[in-house]
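Colleague: I would like the atomic coordinates for the input below:
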Amino acid sequence: MWLALGSNLGDRLAGLRAGLDGLVAGGVAIDEVSSVYETPPWGTEDLDEPQPSFANAAASGRTDLDPYDLLALCKRIEAAAGRDLEARRNSARPIDIDVLLIDGEVIDAPDLRVPHARMHERAFVLVPLTDIAPEVEHPLLRQTIVELLREVDRGGVELLEGSGWWVPSSDEVDR
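Modeller: Modelled structure (predicted):
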């Protein structure tokens, strides 16, 4: 499975680290983590205040959680970090964790869509995902991640932290 993580409030890297740590604590084995990219806010035209830039990353992992329990875990981590889950769509947040892909599965339910419905339109998702999954195929569009990235504007996406920015704690490595 592949996840996207983003943060634009507070210490953004700490928010991303806390998100990954929360996933591990919740039963997700993280296999690989992308570099971190600074990206402009997206979809914020209707919001009242300008937003700070995001730090975005992607991660791959394995879990015995079903997709709905994985989504619930992501929401619990976001809420624990102080995200207002009732706030307007695309508002600023200390952490956002999206389920992007689950090993070729397609889920189209009111509360969960896999693959993520708009991932193919978003450089802030595709750039980090290309670090760790360039040849993974989008199960509906039948294009690889790197092919999808060629079709989006990458303007404003800049490397913030290279690989190695997240290191699991020793007890997480032993799992």
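Colleague: Only C-alpha atoms from now on, for both contacts and neighbour counts.
Modeller: Will do.
Colleague: okay, Ser91: pLDDT?
Modeller: In this prediction, Ser91 carries a pLDDT score of 68.
Colleague: so where's the chain uncertain?
Modeller: By pLDDT under 70, the weakly predicted segments of the chain are 43-49, 83-85, 87-91, 170-175.
Colleague: mind running it again at 90?
Modeller: 40-52, 81-94, 168-175 (pLDDT under 90).
Colleague: if we look at the longest strand along the chain, which residues are touching it?
Modeller: Ranked by number of residues, the top strand in the chain under DSSP state E is strand 54-63. With CA atoms under 8 Å, 6 or more residues apart in numbering as the test, strand 54-63 has contacts from 1-8, 12-13, 16, 27-41, 124-125, 128-129, 132, 160.
Colleague: Give me the ChimeraX select line for those residues, limited to the buried ones.
Modeller: Per 16 or more other CA atoms under 10 Å, the buried members of those correspond to this ChimeraX selection:
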select :1,2,3,4,5,6,7,8,12,13,16,28,29,30,32,33,34,35,36,37,38,39,40,41,124,125,128,129,132
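Colleague: what about the residue nearest to Leu13 when sequence neighbours are not counted, distance to Val136?
Modeller: For Leu13, ignoring the flanking residues on the chain, the nearest one in space by CA to CA, 6 or more residues apart in numbering is Ala55 at 7.0 Å. Distance, Ala55 to Val136, by CA to CA, to the nearest Å: 23 Å.
Colleague: Same drill for the two, tell me which one is more crowded.
Modeller: Ala55 (29 against 19; other CA atoms under 10 Å).
Colleague: Bridged to the more buried one, which residues?
Modeller: Ala55 has the following beta-bridge partners by DSSP bridges: Ser7, Glu38.
Colleague: Pull up the gap between it and Pro40, please.
Modeller: Using CA to CA, Ala55 is found at 9 Å from Pro40.
Colleague: And Pro139, by the same measure?
Modeller: 27 Å.
Colleague: next one: Leu129
Modeller: Counting by CA to CA - Leu129 and Pro40 are separated by 17 Å.
Colleague: same question, Ala4
Modeller: Taking CA to CA, one finds Ala4 at 15 Å from Pro40.
Colleague: How about the backbone phi and psi for Arg154?
Modeller: phi -100, psi 10 (degrees, to the nearest 10).
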